[in-house]
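*Asks:* my questions are about this predicted structure, shown below with the sequence.
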Amino acid sequence: MPTHIDEAVKIILSKDSKLREITPIIYALPEKMPEGWTDLRRMRYLDHDLSAGRNIKRWLWRDYSPELILQQRPFDKYEDQSEIFTGIRHPLERWWSGIKDFMYFLPYYSWWTNEAIMAQWPHFHRATLRLHDIMEEVKPQHLIKIDGGIDQRLCNFARKHRLLFYGTLPHEKHIRHRRPDIMKMEKIGERQLKQWLLKNPDYQKKLDDYLEPDWQYWNKVEDQE
């Protein structure tokens, strides 16, 4: 009888798997702005996994409407062609966060010894997708640095561009960050994978080469106040 790990591997390797989907996720603000506001600006948001998207969407749902408009390809079919903003996170930090998210999906150590899975290295699912592969299709006008100062930075951005922003940025922790057992599993897995990479430098080089295009975006925002 297949184990849950066998089933997880089967899903990962399935031809029908959407784990590595690269469709851009663009949310447009509602056409009808809140009553009483006449000078608000219309804008769109490009969501990258593990780049504060969970909290940014909570901000937009809270201050505008739960009816954000999810645009689908072709994006130029929409009347709304307003400017787009997106978050940019440190590429390597984001990738490791994605790998830990993948460990949550496939919770056993040394999965990187599975040749079939490692044929996908270093991109396994949406959370390890580099920004470059989305940004080549969608070219946002505004890049926002994602780090510990994101709350004030987004507040400043909203004020500058006439967007609604009440109070502070809403925060919702992923279950991964609320469960000590999951965090312990991730920490052990991360340590073991880093040790494995030291012994397998070819895979480290593949990772470095894969992330190389993303550094251009980080270099643009690294010194952003």
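*Replies:* Received it, and whenever you're ready, just let me know what you need.

*Asks:* how about the helix or strand containing Asp181 as CSV, C-alpha atoms only?
*Replies:* Counting by DSSP states H and E, the element that carries Asp181 is helix 180-199. Extracted in CSV, the C-alpha atoms of helix 180-199 (Å, rounded to 0.1, in the frame of the first residue of the first chain):
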residue,chain,number,x,y,z
PRO,A,180,6.9,24.4,16.8
ASP,A,181,7.0,20.8,15.4
ILE,A,182,6.9,22.1,11.8
MET,A,183,9.5,24.7,12.5
LYS,A,184,11.8,22.1,14.1
MET,A,185,11.3,19.8,11.0
GLU,A,186,12.2,22.7,8.7
LYS,A,187,15.3,23.7,10.6
ILE,A,188,16.6,20.1,10.6
GLY,A,189,15.8,19.7,6.9
GLU,A,190,17.4,23.0,6.0
ARG,A,191,20.6,22.2,7.8
GLN,A,192,20.8,18.8,6.2
LEU,A,193,20.2,20.2,2.7
LYS,A,194,22.9,22.8,3.2
GLN,A,195,25.3,20.2,4.3
TRP,A,196,24.4,18.1,1.2
LEU,A,197,25.0,21.1,-1.1
LEU,A,198,28.5,21.5,0.3
LYS,A,199,29.2,18.0,-0.9
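
*Asks:* can you name the residues that contact the one residue sitting closest to the centre of the chain?
*Replies:* Nearest to the mean C-alpha position of the chain, counting by CA atoms, centre = their mean, stands Asp49 at 1.5 Å. Counting by CB atoms under 8 Å, 6 or more residues apart in numbering, Asp49 makes contact with Gly98, Arg126, Ala127, Leu129. The way it works is simple: take the backbone N, C-alpha and C, and place the C-beta from them, glycine included.
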